[in-house]
Each structure stands twice: as C-alpha cells, then as structure tokens.
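>>> Got a predicted model here, sequence first, then my questions.
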Amino acid sequence: MPKDSLSVVDNRTGLGYELPVTDGTIRAMDLRKIRTGEGDFGLMSYDPGFANTASTRSSITYVDGEKGILRYRGYPIEALAQNASYLETAYLVIFGKLPTAPQLANWERDIRHHTMLHTNIQNLVETFRYDAHPMSLFISSVASLATLYPDSREVTDPANRRLQVERIIAKVATIAAFAYRHNQGWPFNGPDDSLSYVGNFLNMMFKMTEVRYEPNPILERALNVLFVLHADHEQNAGTTAMRVIGSAQGDPYSALAGAAAALYGPLHGAANEAVLSQLEQIGSPDKVPAFIDRVKKGECRLMGFGHRVYKNYDPRCRIIKKTAEEVFRVTSRNVLLDVALELERIALDDDYFVSRKLYPNVDFYSGLIYRAMNLPASLFTVMFAVPRTCGWLAHWLEAFDDPEQKLMRPRQIYDGPEERAYVSIGAR
C-alpha cells in the first residue's frame, strides 16, 4: 500500500479505493472512480466558496495564514516593501525573478512607452456622470481598451502577451488618475515620463497649475509601499475571476475587467471603504470601548479584522501601520488614526477577538493613508486595482504555461424539480 495515498471504503458498495496524495491533495477526478454501478457518474467534491479546493499550481505567491507569512516568488513581503520599487516588484511577480539593473531600466522604459491613453478612452471617461463611482468607470474603461487593441486576442503568441502586459500596467494608472480627475471636475493631466511609476501616478492625479509637479517623497514612498503590498495575494476572488475568464482565451482587457469587477465587491477589495466609514462612525478614541461592546453583543461587525486566509496578524498590516504614521508626519494628523490605534489595542487585548483569531488585516490602515492624501473613499478600491493588475496578469500568463489547465467549468449539484409538464398560461 503506497504511503502517500488515501484509503477509502465506500460503505454503499463495500469496495475499497486507493487515492494518491500529492502535495497534501487528492485529485478530484480520482473520486470519479468511486461509483455504485455502471450508470453512476461517480463521486464529486462539494465545496461552496472553494474554501478547501486547489484549482491550480502556482509559483507566484506563498501565503501561510497560520504564521502570518506572505512572500512573492520566495521573497518576504517585508523585504520587498522596504527595498523594492513597484515596477521592480511587478517584474518579479510576472517574470519570476528580480530584474538586473539593465532589465529594470528596459522594463520601466517599456511601461512608460504605453502610459498615454487614446482620446477615445478619454472621451469615454468624460461621458460618465460627474459622480459616477470611479471603480465602475475603471472597469468600463479597461474593458474598452480591447476595442483599440484587437491584436490582444492573439493570446497564444507569447510576444503578444508580453506587449499586452506592458500596455495594461501602464494604462491602468492613467485610467485611475483620469477617473479621479473626472470626479473632481478637473481637466486631465498627461503622464510625465521623467517620474517614477508611482510619482507619475501622483502627478496625473494631483498636478494643478504648476509647471512641473514634484511628488512629496514621503507620500510617493508610502504609495509605493502600498502598491508593493497589493501586488498579489494568491487565489483570491479577483485572481480566480482572471484565471476563469482567461481560461476561455479571451483578451486580457476583458479578463482584467472581470477581475476588477470581483474586487469591486465589499467582501473583497472595497473593505477599506467600510473600515473608514466605521472609524468615522466611532468618531473618537473614548468611544471605542462602547463600540467594542456592541460588536461582542452582535449588534454590528468589526470591519478590518479577520481574514479568509490569515489566522494571525496580517503581515501587510504591520507595514501599513508604520507607513501610516510616517504619512501623518507630513500631513495633518487625523483623529481617525487615534481611533484605529485604540480599536486595535483593545481588540488585541480581548480574548473575544484573540480566541476567534480576529487580527487587523490589510484594509484596516490603508484607508487612513488614502484619506490623508485627500482621496475620497470611493477611490480606494481603484487604488487597490492599479497595483493588483500585475498579480492578475502574472496568473493569466502562468496559466498559459501550465499544461494541466483547461477551460474552467465547475460542476454543480442539481436540487431543482424533476421533469414537469408545461401548463398553458390560462390554466395556471
């Protein structure tokens, strides 16, 4: 009997089966061998929300939720946030290794080459209402890029895939900045290729009448850290959407718009909006104990605590907390930071939250940084989508090189009625 196997006895038939165990998993298709007879389809696994199902192999991001570990391609997130630029991290995430100095220079040049937006997309942005949610605008604009680049459908060509990756990473930042400017009623700013990727993003968002925009180095550094932390996070809802749509071999712009649509949901990328709203409702540190009591009574939820994967302190949260304190040294200190610090202090000292492994997550402090930069809460998810683009694209590319991947088409358990006779409308 193989050591790395699972012995299964089907009590319906008395038959036994040996299922190979590889990397702590069994193949779902091996369950199909377990049948009650010739007409039996075979066993399937039932896993709502894919809570315990691995749909792919990936070498991009490693997460250990119990220990609070996050690594991109083996590199600890702490080291990358401290030392790497966003485009350097994006290169690592997409291509699997840190770039040499010439490779990084070429990569940065290639991205800069695509930062301009066609006037058709600019005109599209301007057709939205002034108060349109920027995430809806972002999704629509990204999807529309496919109409300008029909060559993007040639997804089986590796060189063409590389070209689309460069275009997308460049243009999502411009689209996000234009969405913000449109909401504010301000004219668009074109890109400045003399700035870094993050510095240019700040330029396109905040430049007013000055001849040349000089980004505040503290804010540029803070946004770079946030972008690095948000670059990828394994098989979350947005990434899974990217892989599912990509498995049909459609163009990457449509797939990325689908991933962004998943991120738009309040249970995924829009959570930091909810955190900021919660902090505003609390209002001041002295009101935190009463709020905590309401949470423990089940009267409201504690936003920004707990994570589907992390059962320990989210490593990204530690970095963002420190970054938030640095940002507030150059901006006016917001009382909401004091509310957040008090909320974290009390919650982490309360067995109610500790026993439930409810620790602060990445959303808890990120919204405070965006608010310190005078960004509206509606833009927070767009600020998440821009850096996550490189992760989505990395998974999209990885799937093409995986010989086991095919069109994703999960099964279902049908629990509807049996065959019924049609009844004419007059007899119903």
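Looks like it came in fine. Computed from a predicted model, the values in this text were never measured in an experiment. Numbers count the residues shown, from 1 in each chain.

>>> And the next helix or strand past the longest helix that the chain contains?
Taking DSSP state H as the criterion, the chain has its longest helix at helix 158-184. Using DSSP states H and E, the helix or strand that directly follows helix 158-184 along the chain is helix 197-206.

>>> pLDDT below threshold where in the protein?
When residues are selected by pLDDT under 70, those of the chain lie in 1-2, 270, 307-312.

>>> And it, what are its domain boundaries?
Here the domain parsing of the chain from automatic domain parsing is 1-46, 60-403.

>>> Using JSON lines, please lay out the ones you listed together with mean neighbour count and distance to Ser424.
Backbone N, C-alpha and C define where each C-beta goes, glycine included. Converted to JSON lines, these look like this (neighbours: other CB atoms under 10 Å; distance: least, CB to CB, whole Å):
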{"stretch": "domain 1-46", "mean neighbour count": "12", "distance to Ser424": "35"}
{"stretch": "domain 60-403", "mean neighbour count": "19", "distance to Ser424": "39"}
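
>>> Could you pull up the contacting residues of the nearest residue to Asp10 once chain neighbours are set aside?
Among residues not flanking Asp10 along the chain, Ile34 sits closest, at 5.4 Å (CB to CB, 6 or more residues apart in numbering). When contacts are counted by CB atoms under 8 Å, 6 or more residues apart in numbering, Ile34 touches Val8, Asp10, Leu15, Tyr17, Gly42, Leu43.

>>> Looking at the residues you listed, which are in strands?
Val8, Asp10, Leu15, Tyr17 (DSSP state E).

>>> Redo those residues as a markdown table? Include distance to Asp286.
Formatted as a markdown table, the ones in strands among the contacts of Ile34 follow (distance: CB to CB, whole Å):
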| residue | distance to Asp286 |
| --- | --- |
| Val8 | 58 |
| Asp10 | 62 |
| Leu15 | 66 |
| Tyr17 | 62 |
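
>>> biggest separation within those, which pair?
Greatest spatial distance among the ones in strands among the contacts of Ile34 (CB to CB): Val8 and Leu15, at 9.1 Å.

>>> To Ala54, which of the domains of the chain lies closest?
Using CB to CB, the nearest of the domains of the chain to Ala54 is domain 1-46, at 5.6 Å.

>>> by contact count, what packs against the strand or helix carrying Phe138?
Assessed by DSSP H and E, Phe138 sits inside helix 134-148. If you count contacts as 3 or more CB pairs under 8 Å, 6 or more residues apart in numbering; DSSP states H and E, helix 134-148 packs onto helix 119-127, helix 158-184, helix 252-263, helix 380-400.

>>> just how off-centre is it within its chain?
How far helix 134-148 lies from its chain's middle: 17 Å, per CA atoms, centre = their mean, to the nearest Å.

>>> which residues are in contact with it?
Helix 134-148 is contacted from outside by 118, 120-121, 124-125, 128, 152-153, 167-168, 171-172, 175-176, 178-180, 182-183, 251, 253-254, 256-257, 260-261, 263-264, 270, 378-379, 381-382, 385, using CB under 8 Å, 6+ apart.

>>> at 6 Å what do you get?
118, 121, 124, 128, 152, 175, 179, 183, 251, 253-254, 256-257, 260-261, 264, 378-379, 381-382 (CB atoms under 6 Å, 6 or more residues apart in numbering).

>>> Same question for stretch 349-364.
Here stretch 349-364 makes contact (CB under 6 Å, 6+ apart) with 271-272, 275, 296, 304-307, 311, 313-314, 316-317, 344, 347.

>>> And stretch 266-279, by the same measure?
Residues from elsewhere that reach stretch 266-279, judged by CB under 6 Å, 6+ apart: 237, 262-263, 303-304, 336, 339-340, 363-364, 366-367, 377, 380-381, 384.

>>> Thank you kindly, that will do.
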